[in-house]
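A.B. asks: Return a 3D structure for these sequence lines:
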Amino acid sequence: MSNFYSLVRRDGEIKFGNGNEEAISKYIDYWTDTLTRNQQLVSAFRSRTKIDFQGKTVLDVGCGTGGMSQIITEEHGYYIGCDLFSGILEMAQAFISDLRHAEKAGLVRASGTHIPLADGSVDIVIAFDVIEHLEGGYGWQRSFLREIRRVLRPNGILLLTTPNRLHPFEGHTFMYGPHYLPVWLADRYIRWKNPSFLEEYRTYGQVKLLTPWKMKRLLDEAGLKLIHDFPWGKDLKDYPTGKRVLLRFLSKVGLGWIPPKTFWVSACREERTNEWIDNGDVRPPQISDVAYTERFQKEIECYKSVENVHDLPEIFHFWSNRYVRPKVEAVFGVVPIEEFYAKYIFQYGADHPGKRVEVASIGAGNSDMEVRIAKLLRDRGFNDFRFRCLDINPDMLDRGRNLASQEQLGDYFDFLQVDIGDWQPERTGGVVVMAHHSLHHLVKLEEIFANVKKAIGDDGYFLVWDMIGRNGHMRWPEALAVINDIWQTMPDRYKYNHQLKRFEKVYDNWDCSKEGFEGIRAQDILPLLLKNFHFEAFIAFGNLPDVFVDRSFGHNFDVNNPEDIEFVDRIGSLSDRLISDGVIKPTQMVGVLRGRPTGKTRCYEHWTPEFCLRSI
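C.D. replies: Numbers count the residues shown, from 1 in each chain. Modelled structure (predicted):
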């Protein structure tokens, strides 16, 4: 029996008494039907509007029992349910706890007119049958929509349903006409025809239905624009010629919003309505079916001539030596980076004498790191190893092949051009797999991790040094708020974006995954590693400093300028303090993972993998 079912049944027993099985069953059916209806609403919206939850942060205002969380998390989105009533949230929490991807869902108790999220922090807002329950009427409804616009990202979308006051059937009372009467008379009418309504509501005056013109005016005043011509998800072109002419005429005289039973509003913050129009498909195209090949080719072309993918500004190395190196030394006992990988390759060889160590490097790129590791191992007298470098890019693999040959290490290497998502390990068990800044470029993480698990078996290693922040290397709302505060007071000379070649008076929380694979599923990496492997050792770092020391803004800082050094040092210290306090989460990690438990995870201070996981 699910947690959700048990909780609803218990609530029903308290409400109606243990012996009233009929009432309890109806109560359970009511809440189950609510979940089903929300799911049906999304399907209906998708018949007209492009809605893709993958990697998106979705806010469900008036979430009720959180039924939307199942759809959103199954599609690799992140769900935030918001409701004012603690009892409802308790049921929602029970529902979420039964989900397969429960770690991607969270709840917050708040009013829809005061949402405790940062500006521009949400991709999609869902508000099904909520706006008519704001008792303060038009003023509260306008505040509600303005608050939604505030938390939406610039190209975010609102999906909203609410009954149309012009329709004669009133869905809350299941009666005809009470909404056309004065409240005192409506209450008498309801008490006569459907008294159960007044057991839940004090008075019919608590229901604030909207007419078409009020709905339109509210959207306009809130700065939200309809994606379709009409608030029921249709456009003029969807109608035959005769009706189209009539609707155009009605629109001219202000009656274009003819009275459907319910408004199905899909609206966005900006004029980018074409991004959301669907051409008849029930589901939006997924990256794996439509755009994957195109992005794949762009990725190859992008790195075709890039000989040093790890070339970073000098200020990065100042920050790294001050805030990353001590953590690496404390947990792994080695520096620099190649020493980390070499340590565990050598360790596997020492634990399995006479057995050649097979090292599979996924997303090896130019293989410069792998060649440095191989040189280190050989120079220390260890020769019983072989690297297999895997990458999609033939030009980068050729550079790796030439580099290995120049270092007289060619006999220690194989190079294989392959989409890592399709890679199958040659050997099951006993392989050392390394992923050096490659996982955040990969889409098929579930399949890849399943194959890594086969490759390492119980005694191999999975060595990871990678990004674990928000998709597209964006900042999460809590970190973005800090960055925005810093941006307002820091010198303008720090604000030139060298990658995008522009001055940013206001920080642009840029999504690097829009076209290619950069950070495409970065935020899923740590949750999936925790799900599939056991951490032997782990450190995490980065967040606020990433913005200032990476390629975009890092070249604005001079390591010989004390003012620049003091600024970056202050950001590094602040970031670590906020991470320790649980306010923000790290964006990068180094980990030694195994296929079986190996005891307590070695980590820096209290920064365990679980602590560093952001709860959405």
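
A.B. asks: residue furthest from the geometric center of this protein?
C.D. replies: Distance from the C-alpha centroid of the chain, by C-alpha atoms, centre = their mean, peaks at residue 192 (49.6 Å).

A.B. asks: So it, which state does it fall into?
C.D. replies: Using DSSP: H, G, I helix; E, B strand; the rest coil, the three-state assignment for residue 192 comes out as helix.

A.B. asks: That one and residue 110, how far apart?
C.D. replies: 37 Å (C-beta to C-beta, to the nearest Å). For the C-beta atoms, the positions are set from N, CA and C on the backbone; glycine is no exception.

A.B. asks: before we move on, the earlier item: what's the residue farthest from the centre of the chain in contact with, if anything?
C.D. replies: Residues near residue 192 by C-beta atoms under 8 Å, 6 or more residues apart in numbering: none.

A.B. asks: Residue 354 versus that one, what's the distance?
C.D. replies: 91 Å.

A.B. asks: same deal with residue 347?
C.D. replies: Distance, residue 347 to residue 354, using C-beta to C-beta: 15 Å.

A.B. asks: What segments of the stretch 401-550 of the chain are strands?
C.D. replies: With DSSP state E, counting those that start in this stretch as the criterion, the stretch 401-550 of the chain has strands at 413-417, 431-436, 461-467, 496-497, 502-503, 534-541.

A.B. asks: I figured residue 132 was touching residue 160, is that so?
C.D. replies: No: counting by C-beta atoms under 8 Å, residue 132 stays clear of residue 160, with 10.5 Å between them.

A.B. asks: out of the two, which sits in the busier spot?
C.D. replies: When neighbours are counted by other C-beta atoms under 10 Å, residue 132 and residue 160 differ, and residue 160 comes out ahead with 25 against 18.

A.B. asks: Just send the strands of the stretch 401-550 of the chain back as a markdown table, with distance to residue 84 too.
C.D. replies: Listed next are these as a markdown table, based on distance: least, C-beta to C-beta, whole Å:
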| stretch | distance to residue 84 |
| --- | --- |
| strand 413-417 | 55 |
| strand 431-436 | 44 |
| strand 461-467 | 37 |
| strand 496-497 | 41 |
| strand 502-503 | 42 |
| strand 534-541 | 35 |
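
A.B. asks: Out of the ones you listed, which is closest to residue 74?
C.D. replies: Among the strands of the stretch 401-550 of the chain, the nearest to residue 74 by C-beta to C-beta is strand 461-467 (24.2 Å).

A.B. asks: need the contact list for residue 572.
C.D. replies: By C-beta under 8 Å, 6+ apart, the residues touching residue 572 are 319, 322-323, 544-545.

A.B. asks: Run a quick neighbour tally on the residue lying closest to residue 128 once chain neighbours are set aside.
C.D. replies: Take residue 128 and drop its neighbours on the chain: the residue closest to it by C-beta to C-beta, 6 or more residues apart in numbering is residue 161, 4.9 Å away. Residue 161: 22 surrounding residues under other C-beta under 10 Å.

A.B. asks: before we move on, what about residue 571?
C.D. replies: Residue 571 has 23 neighbouring residues, counting by other C-beta under 10 Å.

A.B. asks: try residue 563
C.D. replies: By other C-beta under 10 Å, 9 other residues sit near residue 563.

A.B. asks: pLDDT score for it?
C.D. replies: Listed pLDDT for residue 563 reads 96.

A.B. asks: which stretch of helix or strand covers it?
C.D. replies: Residue 563 belongs to helix 562-580 when assigned by DSSP states H and E.

A.B. asks: could you measure the spatially closest residue to residue 113 that is not a sequence neighbour against residue 218, distance?
C.D. replies: Leaving out its chain neighbours, the residue that sits closest to residue 113 by C-beta to C-beta, 6+ apart is residue 143, at 4.5 Å. According to C-beta to C-beta, residue 143 and residue 218 sit 10 Å apart.

A.B. asks: Likewise for residue 453?
C.D. replies: 52 Å.

A.B. asks: wait, residue 68 sits on residue 43?
C.D. replies: No: between residue 68 and residue 43 there is no contact under C-beta under 8 Å: 11.8 Å.

A.B. asks: quick one: which of these two has more around it?
C.D. replies: residue 68 (26 against 12).

A.B. asks: Quick one: residues contacting that one.
C.D. replies: 38-39, 42, 58, 60, 79, 81, 126.

A.B. asks: ok, now with 6 Å
C.D. replies: By C-beta atoms under 6 Å, 6 or more residues apart in numbering, residue 68 lies in contact with 38, 60, 126.

A.B. asks: Confirm the second one sits in a strand?
C.D. replies: By that I understand residue 60. Yes: counting by three-state DSSP, residue 60 is part of a strand.

A.B. asks: my read: it touches residue 77, true?
C.D. replies: No: in this structure, residue 60 is not within contact of residue 77 by C-beta atoms under 6 Å, at 11.0 Å.

A.B. asks: which of the two has more neighbours?
C.D. replies: Shown here are residue 60 and residue 77; by other C-beta under 10 Å, residue 60 has more neighbours (27 against 23).

A.B. asks: The more buried one pairs with what?
C.D. replies: With DSSP bridges applied, residue 60 shows beta-bridge pairing to residue 81, residue 126.

A.B. asks: Can you list the low-confidence ranges for the stretch 451-600 of the chain?
C.D. replies: Applying pLDDT under 70 to the stretch 451-600 of the chain picks out residues 515.

A.B. asks: Please repeat the previous calculation with a cut-off of 80.
C.D. replies: 514-516 (pLDDT under 80).

A.B. asks: can you check the stretch 101-250 of the chain too?
C.D. replies: Residues of the stretch 101-250 of the chain meeting the criterion pLDDT under 80: 135-136, 155, 199-200, 228-250.

A.B. asks: how about the helices of it, start to end?
C.D. replies: Under the criterion DSSP state H, counting those that start in this stretch, helices of the stretch 101-250 of the chain are mapped to 138-151, 183-193, 197-200, 212-222, 241-252.

A.B. asks: Just put those helices in CSV and tack on distance to residue 402.
C.D. replies: Below are these laid out as CSV (distance: least, C-beta to C-beta, whole Å):
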stretch, distance to residue 402
helix 138-151, 51
helix 183-193, 82
helix 197-200, 75
helix 212-222, 59
helix 241-252, 64
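
A.B. asks: highest average neighbour count across these?
C.D. replies: helix 138-151 (a mean of 20; mean count of other C-beta atoms under 10 Å).

A.B. asks: Not counting that one itself, show me its contacts.
C.D. replies: Applying C-beta under 6 Å, 6+ apart, the set of residues contacting helix 138-151 is 112-113, 115, 117, 119, 121-122, 125, 131, 134, 158, 218, 221-224, 269.

A.B. asks: could you flag which of these are buried?
C.D. replies: Buried members of the contacts of helix 138-151, counted by 16 or more other C-beta atoms under 10 Å: 112-113, 115, 117, 121-122, 125, 131, 134, 158, 218, 222, 224, 269.

A.B. asks: average model confidence for the lengthiest helix in the chain?
C.D. replies: Longest helix of the chain, by residue count under DSSP state H: helix 21-46. The average pLDDT for helix 21-46 rounds to 74.

A.B. asks: switch to numbering from 24
C.D. replies: Let's use 24 as the start, then, which means that last one is helix 44-69.

A.B. asks: Who are the packing partners of that helix?
C.D. replies: Applying 3 or more C-beta pairs under 6 Å, 6 or more residues apart in numbering; DSSP states H and E, we find helix 44-69 packed against helix 26-39, helix 91-97.

A.B. asks: Let's see the first one as CSV, backbone CA atoms only.
C.D. replies: The one in question is helix 26-39. The C-alpha trace of helix 26-39 is given here as CSV (Å, rounded to 0.1, in the frame of the first residue of the first chain):
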residue,chain,number,x,y,z
ASN,A,26,2.3,6.1,1.5
PHE,A,27,-0.2,8.4,-0.3
TYR,A,28,-3.1,5.9,-0.2
SER,A,29,-2.4,5.2,3.5
LEU,A,30,-2.3,8.8,4.5
VAL,A,31,-5.5,9.7,2.6
ARG,A,32,-7.3,6.7,4.1
ARG,A,33,-6.2,7.7,7.6
ASP,A,34,-7.4,11.2,7.0
GLY,A,35,-10.7,9.9,5.7
GLU,A,36,-11.2,7.7,8.8
ILE,A,37,-10.5,10.7,11.0
LYS,A,38,-13.0,12.8,9.1
PHE,A,39,-15.8,10.3,8.6
